[in-house]
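Novice: attaching a predicted model along with its sequence, questions to come.
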Amino acid sequence: MAVDIIPPHSRLKTVVTALLVLVSLGILLSLGTWQVERLHWKEGLLADIAERRAAAPVPLAEVEAMQASGADIEYRRVSLTGTFDHAKERHFFATFQGQPGFYVYTPMTLADGRVLFVNRGFVPYDLKPVDKRAEGEVTGPQTIAGYVRAMLDGKPSSIVPDNDVPKNIFYWKDIWTMASSTGIDRAKLVPLFVDADASVKNPGGWPLGGVTQFDLPNSHLQYAVTWYGLAAALLVVVAGAWWRRSRDRRA
């Protein structure tokens with residue numbers, strides 16, 4: 001009677017292959033589970049943002065108290081009263097509804113003397129010069145509603161161009177440079193931004209408020225399905241290989 005003896009090198013190869021399969025399977029399942037966790041986090045974040053958008057505006061002092069306590073202030077609705085200094089507006093390069101142009105960040109002096117940058121909205125590229133939209137440069141005390149946006153800790157990516165301060169073209173919101181380039185005292189600067197919402201209607205229509213983007217990408221379910229699908233495909237391939245090998249041995 002013939003005895004089917006598996007050579008030592010073949011057994012070693014089988015063990016190594018099994019270990020590689022197990023490691024690969026573990027990695028794929030871990031990545032899929034991580035994406036499921038990210039999906040739950042993103043869904044919670046989107047629900048929170050929706051709730052904040054529906055809330056009534058609160059005074060700036062309330063937002064600052066939340067910020068001091070470490071709470072998330074992003075997209076909180078706020079009400080502000082102050083006077084715009086249009087001579088010191090900063091221009092952030094952007095596209096809105098497919099049109100290139102700028103978001104106009106204008107310092108607003110509050111009643112207590114502090115200064116806060118307000119994104120008053122979008123202007124097309126050819127309306128960057130203020131003399132082409134003088135009607136929208138409102139004067140005197142203004143009360144607006146908007147969304148709080150946190151300041152950035154630094155340049156968001158190496159592929160983002162450096163800000164062109166001499167030309168007043170900003171590619172990322174460097175609040176401290178925006179302030180220093182206009183002579184605003186750093187000690188008086190409120191360390192956050194506010195996006196004017198669509199309820200703010202400027203004379204002449206420019207800047208056009210309501211430009212805040214809320215459509216956060218949420219592809220985590222697709223990624224999870226991909227990773228779990230690859231794990232399932234790996235199991236199918238391994239099972240097929242094992243079946244063929246068993247069949248060949250029996251032959």
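Specialist: Now that the structure is in, tell me what you want to look at. Numbers count the residues shown, from 1 in each chain.
Novice: mind checking the SS state of Phe117?
Specialist: Here Phe117 takes the strand state, with states given by DSSP: H, G, I helix; E, B strand; the rest coil.
Novice: which residues does it contact?
Specialist: Shown in contact with Phe117 (Cβ atoms under 8 Å, 6 or more residues apart in numbering): Arg90, Tyr105, Thr106, Pro107, Met108, Ile175, Met178, Ala179, Phe193, Val194. Glycine gets a C-beta too; all of them are placed from N, C-alpha and C.
Novice: recalculate using a threshold of 6 Å.
Specialist: Phe117 makes contacts with Tyr105, Pro107, Phe193, as judged by Cβ atoms under 6 Å, 6 or more residues apart in numbering.
Novice: quick check: the closest residue in space to it that isn't next to it in sequence vs Thr177, distance?
Specialist: Ranked by Cβ to Cβ, 6 or more residues apart in numbering and with sequence neighbours excluded, the top spatial neighbour of Phe117 is Tyr105, at 4.8 Å. For Tyr105, the distance to Thr177 (Cβ to Cβ, to the nearest Å) stands at 12 Å.
Novice: who's more crowded, these two?
Specialist: Between Tyr105 and Thr177, counting by other Cβ atoms under 10 Å, Tyr105 is the more crowded of the two (23 against 14).
Novice: give me the contact list for the helix or strand containing that one.
Specialist: Tyr105 belongs to strand 99-110 when assigned by DSSP states H and E. Here strand 99-110 makes contact (Cβ under 6 Å, 6+ apart) with 82-85, 88-92, 94, 115-120, 122-125, 128, 207.
Novice: what does stretch 139-159 give?
Specialist: 57, 63, 73-76, 78-81, 83, 172-173, 175, 191-197, 199-200, 212.
Novice: list the buried residues of that stretch.
Specialist: For stretch 139-159, burial by neighbour count (16 or more other Cβ atoms under 10 Å) applies to Gln142, Ile144, Ala145, Gly146, Tyr147, Val148, Arg149, Ala150.
Novice: can you check which helix is longest in this protein?
Specialist: Ranked by number of residues, the top helix in the chain under DSSP state H is helix 8-54.
Novice: strand partners (parallel or antiparallel) of the helix or strand following that one?
Specialist: On the C-terminal side of helix 8-54, the closest following helix or strand by DSSP H and E is strand 58-59. Using DSSP bridges, the strands paired with strand 58-59 in its sheet are strand 77-84 (parallel).
Novice: tell me what angle the partner strand forms with strand 99-110.
Specialist: Between strand 77-84 and strand 99-110, the angle comes out at 80 degrees (axes from the mean of the first three to the mean of the last three Cα atoms, to 10 degrees).
Novice: send me strand 77-84 as PDB with only the CA atoms.
Specialist: Taking C-alpha atoms only, strand 77-84 is exported to PDB below (Å, rounded to 0.1, in the frame of the first residue of the first chain):
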ATOM      1  CA  ARG A  77     -24.800  79.200  14.500                       C
ATOM      2  CA  VAL A  78     -23.800  82.500  16.000                       C
ATOM      3  CA  SER A  79     -25.100  86.100  16.000                       C
ATOM      4  CA  LEU A  80     -22.700  89.000  15.700                       C
ATOM      5  CA  THR A  81     -22.900  92.800  15.900                       C
ATOM      6  CA  GLY A  82     -20.100  95.000  14.900                       C
ATOM      7  CA  THR A  83     -18.600  97.300  12.200                       C
ATOM      8  CA  PHE A  84     -16.800  96.100   9.100                       C
END
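Novice: quick one: Val123 and Gly204 touch, right?
Specialist: No. Val123 is beyond contact range of Gly204, at 10.4 Å (criterion: Cβ atoms under 6 Å).
Novice: looking at these two, which is more packed in?
Specialist: Neighbours were counted for Val123 and for Gly204 using other Cβ under 10 Å; Val123 has more, 26 against 14.
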